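Peer 1: Below are the sequence and a predicted model; questions follow.
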Amino acid sequence: MLADKHILLIVGGGIAAFKSLDLVRRLRDRGARVTPVLTSAGAQFVTPLSLSALAASKLYQELFDLNDEAEMGHIELSRSADLIVVAPATADLMAKMAGGMANDLASTLLLATDKRVLIAPSMNVRMWEHAATRRNLATLQSDGILVVGPNEGDMACGEYGPGRMAEVFEIIDAIDTALADGPLKGKHVLVTSGPTHEPIDPVRYIANRSSGVQGTAIAKAMMALGAKVTFVTGPADVAPPSSADVIQVQTAQEMLAAVKAAKPADAAIFAAAVADWHVVNAGVRKIKKDGNGLPALEFAENPDILATVSQMTEGRPRLVVGFAAETDDVIANATSKRKRKGCDWIVANDVSPETGIMGGSENAVTLISDAGAEAWPRMGKMAVATQLAKRIAEAIA
Ligand code: CTP
């Protein structure tokens, strides 16, 4: 599995850095190529020479090294590998990653990469259990970062608890899994996400509270299973997934055109909160308060993208999944929405303000299919995405 794979190994500053030397040996035994990156704290624990000798590779340490930049720039370095592994991942490195900082070579590579990243945390038990580390871990997981360990046990600092870096064989297993071809390899999946903005005039628009978090998480989860994803998004609050084919749109009409252009697809997931209406007489100039009363806006219905694709006679994706954002009679409304639109599955959720779901980090959904309604427990939006991606993989793989 690891033969001919290229791993960029970032070694942070922790006592567990000595295990990373063994990790390099074992990876090379299995045929992988390892390019080591050592942080300045990491260099207090292992020497650059031992790491580079075991890897039989040039070692990278500094962000501003003219020789390195001339040979291979840091952006290229961040994308040259099949997988980036951070072992040990210290509390400081995790905080930098979660905060999107780029003030040394390791953090810059981690911010610039479009490859998957696996971290093996290692730190004192109090640091691991600190609220800040918990927050950072949750952020990293929702960003799609893979995590192995830490384990519980005696620590070098004399305390006992979770915080010991995972053993080398466990890290290798996690690398194997991360590099395995997912069940959706070779499949093309279309995902819509975010709100749409329907202009009233050049400065004003009609929109809704969708943040794009759930749609983005779904795209990441599908890619994690090996799918090629076309991500058609309205103006969302969160950045689109970097390794998807991203198409940014503003209006429902643009979204429909982008969706049609992206076909054929094996599956399509419509997570966007598309505005139901657009303003027919939108002003080409800013509408002024000119004393002649309120503007008379005329509305027309937007095309229903989900229904259009579900009812296609030619080139319909094998599996079409819609979402139903409801505030009342969630299951009944979503069940009839599935029939009306003609999609295969509906992921229904209650978006009443008291649920905090719209714009929040959690979701409680019910999956409605031919087999009936299946309620899932409330969980993070990334966890919903992962579970949905698994189900989609079972249906179309
Ligand atoms: N949808 C779409 N195009 C539209 C409206 C909705 O593709 N013009 C999709 C959404 O992406 C979602 C599903 O249809 O997957 C249901 O969206 P929702 O807003 O819950 O339903 P509506 O069709 O807008 O129905 P209503 O507003 O009456 O609840």
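Peer 2: Cool, got the structure. Numbering: from 1, shown residues only.
Peer 1: Helices of this structure, start to end?
Peer 2: Ranges of helices in the chain, per DSSP state H, are 17-29, 48-55, 66-71, 74-80, 91-99, 105-112, 125-129, 131-142, 168-179, 213-224, 252-262, 305-310, 330-341, 381-396.
Peer 1: Most tightly packed of those helices?
Peer 2: Per residue and on average, the most neighbours among the helices of the chain fall to helix 213-224, with a mean of 27 (mean count of other Cβ atoms under 10 Å). C-betas here are computed from N, CA, C, even on glycine.
Peer 1: ok, is it in contact with the ligand or not?
Peer 2: No - residues of helix 213-224 are not located near the ligand by Cβ under 6 Å from any ligand atom, the shortest gap being 8.9 Å.
Peer 1: and that helix, what does it pack onto?
Peer 2: With contacts taken as 3 or more Cβ pairs under 8 Å, 6 or more residues apart in numbering; DSSP states H and E, helix 213-224 sits against strand 188-193, strand 228-233, strand 267-270, helix 381-396.
Peer 1: Report the angle between that helix and helix 381-396.
Peer 2: 50 degrees (axes from the mean of the first three to the mean of the last three Cα atoms, to 10 degrees).
Peer 1: which residues are contacting helix 213-224?
Peer 2: If you take Cβ atoms under 8 Å, 6 or more residues apart in numbering as the criterion, helix 213-224 is touched by 116, 142-144, 182, 184, 189, 191-194, 229, 231, 233, 236-241, 243-244, 269, 271-272, 323, 359, 361, 363, 381-382, 384-386, 388-389, 392.
Peer 1: Verify the contact between N136 and G100 for me.
Peer 2: No - counting by Cβ atoms under 8 Å, N136 stays clear of G100, with 11.3 Å between them.
Peer 1: What is the burial count for S210?
Peer 2: Using other Cβ atoms under 10 Å as the criterion, S210 is surrounded by 26 other residues.
Peer 1: From the ligand, how far off is it?
Peer 2: Per Cβ to the nearest ligand atom, to the nearest Å, S210 is found 9 Å from the ligand.
Peer 1: ok now do that residue, which residues does it touch?
Peer 2: If you count contacts by Cβ under 8 Å, 6+ apart, S210 has them with 194-195, 234, 236, 272-273, 358-359.
Peer 1: Give me the pLDDT for it.
Peer 2: Reported pLDDT at S210 in the predicted model: 90.
Peer 1: Tell me how many other residues crowd the nearest residue to it once chain neighbours are set aside.
Peer 2: Among residues not flanking S210 along the chain, A273 sits closest, at 3.6 Å (Cβ to Cβ, 6 or more residues apart in numbering). Applying other Cβ under 10 Å, we find 25 residues neighbouring A273.
Peer 1: who's in contact with A273?
Peer 2: Applying Cβ under 8 Å, 6+ apart to A273 gives the contacts 194-196, 208-210, 325.
Peer 1: from the residues you listed, which ones fall inside strands?
Peer 2: A325 (DSSP state E).
Peer 1: And for the residue in the stretch 51-200 of the chain positioned nearest to the ligand, the neighbour number?
Peer 2: Residue of the stretch 51-200 of the chain nearest the ligand, by Cβ to the nearest ligand atom: T192 (5.8 Å). Per other Cβ under 10 Å, the neighbour tally for T192 reads 32.
Peer 1: What's opposite it in the beta bridge?
Peer 2: Counting by DSSP bridges, T192 forms beta bridges with V232, F270.
Peer 1: Output the helices of the chain as a markdown table; include the columns mean pLDDT.
Peer 2: Converted to a markdown table, the helices of the chain look like this (pLDDT from 0 to 100):
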| stretch | mean pLDDT |
| --- | --- |
| helix 17-29 | 97 |
| helix 48-55 | 97 |
| helix 66-71 | 67 |
| helix 74-80 | 85 |
| helix 91-99 | 97 |
| helix 105-112 | 94 |
| helix 125-129 | 95 |
| helix 131-142 | 92 |
| helix 168-179 | 91 |
| helix 213-224 | 91 |
| helix 252-262 | 98 |
| helix 305-310 | 98 |
| helix 330-341 | 96 |
| helix 381-396 | 93 |
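Peer 1: would TSV of those helices with distance to G42 be doable?
Peer 2: Compiled in TSV, the helices of the chain are given as follows (distance: least, Cβ to Cβ, whole Å):
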stretch	distance to G42
helix 17-29	5
helix 48-55	8
helix 66-71	17
helix 74-80	16
helix 91-99	9
helix 105-112	8
helix 125-129	17
helix 131-142	19
helix 168-179	16
helix 213-224	28
helix 252-262	43
helix 305-310	49
helix 330-341	51
helix 381-396	29
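Peer 1: which parts of this structure sit against the ligand?
Peer 2: Within reach of the ligand by Cβ under 6 Å from any ligand atom, the chain has these residues: 192, 252, 270, 272-274, 276, 302, 304-306, 322-325.
Peer 1: For PyMOL, what selects the buried ones among the contacts of helix 213-224?
Peer 2: Applying 16 or more other Cβ atoms under 10 Å to the contacts of helix 213-224 leaves a buried subset, and the PyMOL line that selects it is:
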select buried, resi 116+142+143+144+182+184+189+191+192+193+194+229+231+233+236+238+240+241+243+244+269+271+272+323+361+363+381+382+384+385+386+388+389+392
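Peer 1: My read is that K228 contacts L190, right?
Peer 2: No - under the criterion of Cβ under 8 Å, K228 makes no contact with L190, lying 10.0 Å away.
Peer 1: how many neighbours does K185 have?
Peer 2: Applying other Cβ under 10 Å, we find 12 residues neighbouring K185.
Peer 1: ok, L49 to Q61 distance?
Peer 2: According to Cβ to Cβ, to the nearest Å, L49 stands 12 Å off from Q61.
Peer 1: likewise S242?
Peer 2: 25 Å.
Peer 1: repeat for I175
Peer 2: Counting by Cβ to Cβ - I175 and Q61 are separated by 23 Å.
Peer 1: what do you get for T196?
Peer 2: From T196 over to Q61 the distance is 47 Å, taken as Cβ to Cβ.
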